[in-house]
Each structure stands twice: as C-alpha cells, then as structure tokens.
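Q: all I have is the shape, not the residue letters:
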Ligand code: EPU
C-alpha cells in the first residue's frame, strides 16, 4: 500500500480550493480498503472519502486520512425483459458512464447527463436533474465497512435516499466506502420530459417523440447554457438546496413577491427556487475575494481565481443572511463543507 503525504487537494476538488491532505491512499478495489482497515495505524484513523470532488467545499487542511476512490470498470450485469442492469466502479466518471450506457443501446440515464463527479458519489447525494433522481434508477451498491473491512451489498431501503440526501451523508458518513453501483434501466424505455426546460426544447424543436440521444443532447445544451464548466470556472454545482416551505409561508411570500418561482409538492408543501430568491436579493456577480455568485445562475458560487474556502463561506453566509432578512427562509448549503 502506498501512503502519500502532504498531498495538495486543489486538483481534486472542482471548486479549485487549496487544502492539503496529511495522508492520502488511492483505492482501486475492495482489497485496497481492507489493507487500510487492517493497517496498524491507518485502521483506526478518522477517514474522509474523496470521489470526484465536485460536491465539497474545502475550508481547511485535512487531518483525516483521505481515501481517494479510483475503482474502475463498467459492465452489463443482466438483461431482463423489464430492465437492463448495469454496473460501474465508484471511481468512473458519471457523465462518461451515462454516455457509455446510451452508446450500448441502454437508455434511461440521459436526464442525468453532465452531472459532474463520480459514479460512487452519485448515491451519496442522490444526484438529480431534469425530473430524474438517481434513486429512480438505483438497483444496489457494493461497499466496504471501514471499521470491520467487510464487503456488503446495500439495496435502496437502507440507502434512505432523499432530496440530495442519503444515509451516506449521515449514519454511514466516513464509515462505508462505496466501491460499485448498479443501476436499473427500465424496459421499454420511456422519456422523462416533464421538466419545464425540456418541455421548452420540445416546443422549440417541434420534436414530439424524442429519442434518448435527443434528450441527452438537450440536457447537455441546457446545462452548458446555465451552469459553468468546472474545468474553466471552479464550482460545486448548486450551492444551496431548494428550500421546502409550508403553503402558508409560500402564500405570505407570494403576497409580497408574486413572481417567486415555486413548485407544489405531493405532500402539500411547496419547494421554492433558491436561485430565484438569491437573484431577487441582487446577488448575481457579487464577490468576496476570489469567490463570486455566477452571473447566469445565482444558485451557483464560482471561483474567479485564487478563492479560498473561507471566502466562499463568508459569501455563502452573507447570502443566507440576506435571503433570511427578506424572505424569512434559511438556505441550507448543498455541498459537504469540510
Ligand atoms: N432562477 C432565477 N434566477 C437565478 C437562478 C434561477 O430566477 O439566478 C429561476 C429560474 O428561472 C427557474 C428556477 O429559478 O425558474 C429554477 O432554476 P433551474 O430550473 O435552473 O433549477 P434549479 O432549481 O436552479 C435544480 C438543481 C440542479 C439541477 C436543476 C435541473 C438543486 C439545488 N439544484 O436547480 O442541480 O441541475 O434543478 O433539474 O436542486 C446540483 O445539485 O448541483 C444541480 C446543478
């Protein structure tokens, strides 16, 4: 086992924030995890699991042992009459995996095209976009327990998926390292087209029955127009979750701001567009040091160059205070703040 020390994490987080890992080990297999667990010193050390680094805000150096997940491989598990089951190693790039499934003729993940990060990180925050969440296609995953070293297979119930949430952000955080994920692609394929931006694409193009490849191309185009490419402008996607409020709270806000973008949920509560709330408070383009609010989408904070974690968090707190002051709503960060 190779233990790297004093490793810069700047290239390993899409926000491009500086931080150093005291110790880092790359994980290519279940056996690699067990070697760490059985190691006389490392076995007991607190651990931080690093995937593609697209959903973390690094505010300090890492005293924990960083386990950088690099498990590779993609394969067909099973073709059933009602579904195709596919599997990928946790270290595979999510978008490349989605593109590969389509190229094999197995549609079903196209709405999640271009979501940054790795396959292993996808269940952790139950990634979602354009009307589809990972949980809608989830079959099971393999993981290794970081205390016992045992390999386990976990189904949907134990993963406790919620809106950008799962058991891996709570009880199993730092305790279980995901090594492989299996997705279920239902047959016959049916497009998921309910999201407003996709409906608009259908109207504009005049295509009433799009193929999966067409949906994939639309999703890529929508994301490229709205969201900054982390390779050019550091960011971690949406910085805040869309808040859920009671119908009374929503009515109160509509009374004062009739334009507020809101979506009624099946349980009677209402989801508000955090991007709209932040935008309404005039934050687009505002900056603290190198950290700024993206000009085209107020929900995304970006690194204009040389940003450090504390600048990002100072900006985030100022946004939270201003949204609370005007709307009485507390915004919650969406990425994991370390
Ligand atoms: N809006 C504004 N001003 C802004 C930003 C947004 O008025 O500055 C309005 C938009 O016009 C739109 C509404 O707010 O009417 C919602 O915006 P959008 O459709 O872009 O979606 P979102 O709520 O900002 C969510 C997810 C994204 C996901 C998209 C598409 C969260 C926190 N974010 O964004 O996920 O790609 O929907 O499904 O749920 C991510 O998690 O990192 C992410 C990018």
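A: Looks like it came in fine. Please read all numbers here as calculations on a predicted model, not as lab measurements.

Q: CA only for contacts and neighbour counts going forward, please
A: Noted.

Q: which outside residues touch the longest helix anywhere in the chain?
A: Among the elements of the chain assigned as helix by DSSP state H, the one spanning the most residues is helix 309-327. Contact with helix 309-327 is made by 17-18, 57-60, 253, 277-278, 281, 283, 287-292, 301, 329-331, as judged by CA atoms under 8 Å, 6 or more residues apart in numbering.

Q: ok, now which ones touch the most centrally placed residue in the chain?
A: For the chain, the residue sitting closest to the mean C-alpha position, by CA atoms, centre = their mean, is residue 127 at 4.8 Å. For residue 127, the contacting residues are 112, 115, 133, 134, 164, by CA under 8 Å, 6+ apart.

Q: and these, which is closest to residue 49?
A: Using CA to CA, residue 164 is the member of the contacts of residue 127 that lies nearest residue 49, at 17.5 Å.

Q: number of nearby residues for the spatially closest residue to the closest one that is not a sequence neighbour?
A: Leaving out its chain neighbours, the residue that sits closest to residue 164 by CA to CA, 6 or more residues apart in numbering is residue 125, at 4.5 Å. Neighbour count for residue 125, taken as other CA atoms under 10 Å: 22.

Q: distance check, residue 125 against residue 155.
A: Counting by CA to CA, to the nearest Å, the gap from residue 125 to residue 155 is 16 Å.

Q: which residues of the stretch 51-200 of the chain lie near the ligand?
A: 129, 130 (CA under 6 Å from any ligand atom).

Q: strands of the stretch 51-200 of the chain, start to end?
A: Per DSSP state E, counting those that start in this stretch, the stretch 51-200 of the chain carries strands over the ranges 56-57, 62-69, 74-79, 83-89, 128-129, 132-133, 138-145, 151-154, 176-186.

Q: now the ones you listed in CSV, with distance to residue 210, mean neighbour count and mean pLDDT?
A: What follows is the strands of the stretch 51-200 of the chain, written out as CSV (distance: least, CA to CA, whole Å; neighbours: other CA atoms under 10 Å; pLDDT from 0 to 100):
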stretch, distance to residue 210, mean neighbour count, mean pLDDT
strand 56-57, 35, 24, 96
strand 62-69, 36, 20, 96
strand 74-79, 24, 14, 98
strand 83-89, 20, 22, 98
strand 128-129, 18, 17, 96
strand 132-133, 17, 20, 97
strand 138-145, 24, 21, 98
strand 151-154, 34, 15, 97
strand 176-186, 17, 24, 98
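
Q: low pLDDT regions in the stretch 1-150 of the chain?
A: Nowhere does the stretch 1-150 of the chain drop to pLDDT under 70.

Q: ok, which stretches of it are helices?
A: 30-38, 94-103, 121-124 (DSSP state H, counting those that start in this stretch).

Q: I'd like the ones you listed as JSON lines, with mean neighbour count and distance to residue 77 appended.
A: Shown next, in JSON lines, are the helices of the stretch 1-150 of the chain (neighbours: other CA atoms under 10 Å; distance: least, CA to CA, whole Å):
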{"stretch": "helix 30-38", "mean neighbour count": "19", "distance to residue 77": "19"}
{"stretch": "helix 94-103", "mean neighbour count": "18", "distance to residue 77": "12"}
{"stretch": "helix 121-124", "mean neighbour count": "24", "distance to residue 77": "19"}
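
Q: closest to residue 228 out of those helices?
A: Here helix 94-103 is closest among the helices of the stretch 1-150 of the chain (CA to CA), at 15.5 Å.

Q: contact partners of that closest one?
A: Outside helix 94-103, the residues touching it (CA under 8 Å, 6+ apart) are 74, 88, 107, 109-110, 112-119, 122, 212-213.

Q: repeat the analysis, applying 7 Å as the threshold.
A: 107, 109, 110, 113, 114, 115, 116, 117, 118, 119 (CA atoms under 7 Å, 6 or more residues apart in numbering).

Q: who wins for most neighbours among those residues?
A: Using other CA under 10 Å as the neighbour criterion, residue 119 leads the contacts of helix 94-103 with 29 neighbours.

Q: report the contact partners of that residue.
A: By CA under 7 Å, 6+ apart, the residues touching residue 119 are 88, 89, 90, 91, 92, 93, 94, 181.

Q: what about 10 Å?
A: 51-52, 71-72, 87-98, 178-182 (CA atoms under 10 Å, 6 or more residues apart in numbering).

Q: pop the domain breakdown of this protein in here.
A: Domain assignment for the chain, taken from automatic domain parsing, gives 3-69, 74-186, 234-337.
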